[in-house]
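[1] Dropping a prediction and its sequence here:
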There are 2 protein chains.
Amino acid sequence: MGLRARGLAERVIGIGRDTARLAQAERQGAIDSATTDLARGVAQADVVVVCTPVTQIAANAVRAAECGSEHVLVTDAGSTKQQIVEAVERSPRGQATFVGAHPIAGSERMGVAFARADLFEEHACVLTPTGRTPRDRVNRARDIWAGLGCRIIEMDAQSHDEALALTSHMPHAVAAALAAAIPGELLHLAAGAYRDGTRVANADAALWAGVLSQNRNAVLRALATFQDQLDACHRALEANDPTALRDWWASAQVRRGLFDALNSVPADEPVARRA
Amino acid sequence: MGLRARGLAERVIGIGRDTARLAQAERQGAIDSATTDLARGVAQADVVVVCTPVTQIAANAVRAAECGSEHVLVTDAGSTKQQIVEAVERSPRGQATFVGAHPIAGSERMGVAFARADLFEEHACVLTPTGRTPRDRVNRARDIWAGLGCRIIEMDAQSHDEALALTSHMPHAVAAALAAAIPGELLHLAAGAYRDGTRVANADAALWAGVLSQNRNAVLRALATFQDQLDACHRALEANDPTALRDWWASAQVRRGLFDALNSVPADEPVARRA
């Protein structure tokens, strides 16, 4: 939808398994035409964007690279990169055509009904080319993702996975743990902190089991970093030390304030006055 | 603002320490008149709603009860109840006039600039009268909070604090731990999960140190419940068991789905189709 809205593609071909969903995507104007035949869809494409769950991206990307034309660019939108990039580069055609990408935007909702043409605007997109990725493919990948409104960041796949374990994967695991921790019979007494803190727990279970598993070592390290903060809260509470608790909270608030400063707060939300 | 919008009060008097803020509240139409003199403001009131931080509510409520007229009702909006109710009931006038209340709605923002007349609509309000609270005061408290659009739930203060430790206080602590756990230099790679999961970490540090401290035993138990869920995720990751991880996530998703069912999802958000 973004490619079409911005006139970045002459034609967008949807490739999928489910003809009903492909028809919905066509009705909704997300794609110009559809096919369930990957080889056929890819043969006509200059660029292939693989948007399957992370556990399937490498296989899909290799097949797209092998079925694609000589000049095809294959990129993806997966939340993990190292395993995918390594697997794709084991295929010579994969290595010659693939640029790993992770546009850091999305929602917990699945399906074309939740698609938005402006999803990527103002969001970071990490590209993870290797020393073997042809530079022309990197440049074309930059053009596509930047064309959709992304800020492009290049880094190696391992650094990406280390960073995203902290900024996204671990926070998703924390949200799921929080969602599960509240007994159902008390949910009528839950409000904003639970609602917002668990929003992403609504995301697909198989999809997120895949992301966490593909990046398990880095996620385990990120969970340990989170645990240190939780333990600091626990210690201050056990010691019955409101000053330590306030200082701990204030340090969290500063970090969150930094995030808000990086992501301009909408104009309808004036800066809070502190008592 | 809610009382005025719904015509529930002839006059709303703002009592505070800061004349500039009181003037802002008056300009914004949140109050009809203002005073920094608690005794004077309270003397004219049928109902006093104490909206100070939880560590100050008991002292403010007792003073309001002692300065108020014979028939005054004193209620509050504090996130903890047991310590407050016990402290207020040590005063005979407090015991004769006070009905503890916790409208479960709010935001991380402070100050009248963020006030909304409809904040309490469709939200639960827990009232915590004791065996000593006069029934007429309970009924008047029910009328006021129900008049603002709340669903009234009566429970004892200890049950309230146990429940809210799980549904609100612990989730706030988790949000602050999450906010603090992400290194500042990686925040440009954080997106929705961090943004939503840490929103309430923007709340005032002293205010929340007070809430967590006043309810520390129940919050420590709630943290242990959360820890169990986090450990389940950790174990599945360590065992490299994507099936266990998926099942764990699915159980969290079911709980979050129950929350959504209790709180009707807006019509512009169709139910997600699962792959």
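    In hand now; what should we look at?
[2] The stretch 151-275 of chain A: helices as residue ranges?
    For the stretch 151-275 of chain A, applying DSSP state H, counting those that start in this stretch gives helices covering A:157-164, A:170-181, A:192-197, A:205-214, A:216-238, A:242-262.
[3] Go through those and pick out the most buried.
    Comparing the helices of the stretch 151-275 of chain A by mean neighbour count (mean count of other C-beta atoms under 10 Å in any protein chain shown), helix A:170-181 comes out on top with a mean of 28. C-beta: built from backbone N, CA, C; applies to glycine.
[4] packing partners for that helix?
    helix A:192-197, helix A:205-214, helix A:216-238, helix B:170-181, helix B:192-197, helix B:216-238, helix B:242-262 (3 or more C-beta pairs under 8 Å, 6 or more residues apart in numbering or on different chains; DSSP states H and E).
[5] can you put those in a markdown table and add distance to residue B:106 and mean pLDDT?
    Putting the helices and strands packed on helix A:170-181 into a markdown table (distance: least, C-beta to C-beta, whole Å; pLDDT from 0 to 100) gives the following:
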| stretch | distance to residue B:106 | mean pLDDT |
| --- | --- | --- |
| helix A:192-197 | 7 | 95 |
| helix A:205-214 | 30 | 97 |
| helix A:216-238 | 20 | 98 |
| helix B:170-181 | 11 | 98 |
| helix B:192-197 | 16 | 95 |
| helix B:216-238 | 18 | 98 |
| helix B:242-262 | 17 | 96 |
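[6] how about those, which one is nearest residue B:209?
    Closest of those to residue B:209 is helix A:216-238, at 8.3 Å (criterion: C-beta to C-beta).
[7] and that closest one, is it in reach of chain B?
    Yes - remark: helix A:216-238 sits within contact range of chain B at A:216, A:219-220, A:222-223, A:225-230, A:232-234, A:237-238, by C-beta under 8 Å from any C-beta of the partner chain.
[8] export the helices and strands packed on helix A:170-181 to a markdown table and tack on distance to residue B:96?
    Below are the helices and strands packed on helix A:170-181 laid out as a markdown table (distance: least, C-beta to C-beta, whole Å):
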| stretch | distance to residue B:96 |
| --- | --- |
| helix A:192-197 | 34 |
| helix A:205-214 | 54 |
| helix A:216-238 | 34 |
| helix B:170-181 | 33 |
| helix B:192-197 | 44 |
| helix B:216-238 | 28 |
| helix B:242-262 | 36 |
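[9] wait, which of these is closest to residue B:49?
    Between the helices and strands packed on helix A:170-181, helix A:192-197 lies closest to residue B:49; by C-beta to C-beta that is 20.4 Å.
[10] what's around residue A:109, how many residues?
    For residue A:109, the number of neighbouring residues by other C-beta atoms under 10 Å in any protein chain shown comes to 16.
[11] Of the helices of the stretch 151-275 of chain A, give the one that comes closest to residue B:20.
    Of all the helices of the stretch 151-275 of chain A, helix A:242-262 comes closest under C-beta to C-beta, at 23.4 Å.
[12] From chain B, how far out is residue A:9?
    24 Å (C-beta to the nearest C-beta, to the nearest Å).
[13] For that residue, give me its contacts.
    A:3, A:47 (C-beta atoms under 8 Å, 6 or more residues apart in numbering or on different chains).
[14] Got phi/psi on the nearest residue to residue A:39 once chain neighbours are set aside?
    Leaving aside its chain neighbours, residue A:39 sits nearest to residue A:67 (4.2 Å; criterion: C-beta to C-beta, 6 or more residues apart in numbering or on different chains). Backbone torsions for residue A:67, taken as degrees, to the nearest 10, come to phi -90, psi -10.
[15] Kindly report the same for residue A:74.
    Phi and psi for residue A:74, reported as degrees, to the nearest 10, are phi -110, psi 130.
[16] how close does residue A:194 sit to chain B?
    From residue A:194 to chain B the distance is 5 Å (C-beta to the nearest C-beta).
[17] what's the distance between the nearest residue to that residue once chain neighbours are set aside and residue A:131?
    Counting by C-beta to C-beta, 6+ apart, residue A:194 lies nearest to residue B:171, which is 5.2 Å off, once chain neighbours are set aside. Residue B:171 is 45 Å from residue A:131, where distance means C-beta to C-beta, to the nearest Å.
[18] Check residue A:248 too.
    43 Å.
[19] what do you get for residue A:63?
    Taken as C-beta to C-beta, the span from residue A:63 to residue A:131 is 24 Å.
[20] same thing with residue A:158?
    13 Å.
[21] One more: residue A:221?
    Counting by C-beta to C-beta, the gap from residue A:221 to residue A:131 is 26 Å.
[22] For the closest residue to residue A:176 other than its chain neighbours, give me its contacts.
    Closest residue in space to residue A:176, ignoring its immediate chain neighbours: residue B:252 at 3.8 Å, by C-beta to C-beta, 6+ apart. Neighbouring residues of residue B:252 by C-beta under 8 Å, 6+ apart: A:175-177, A:179-180, A:198, A:201, B:229.
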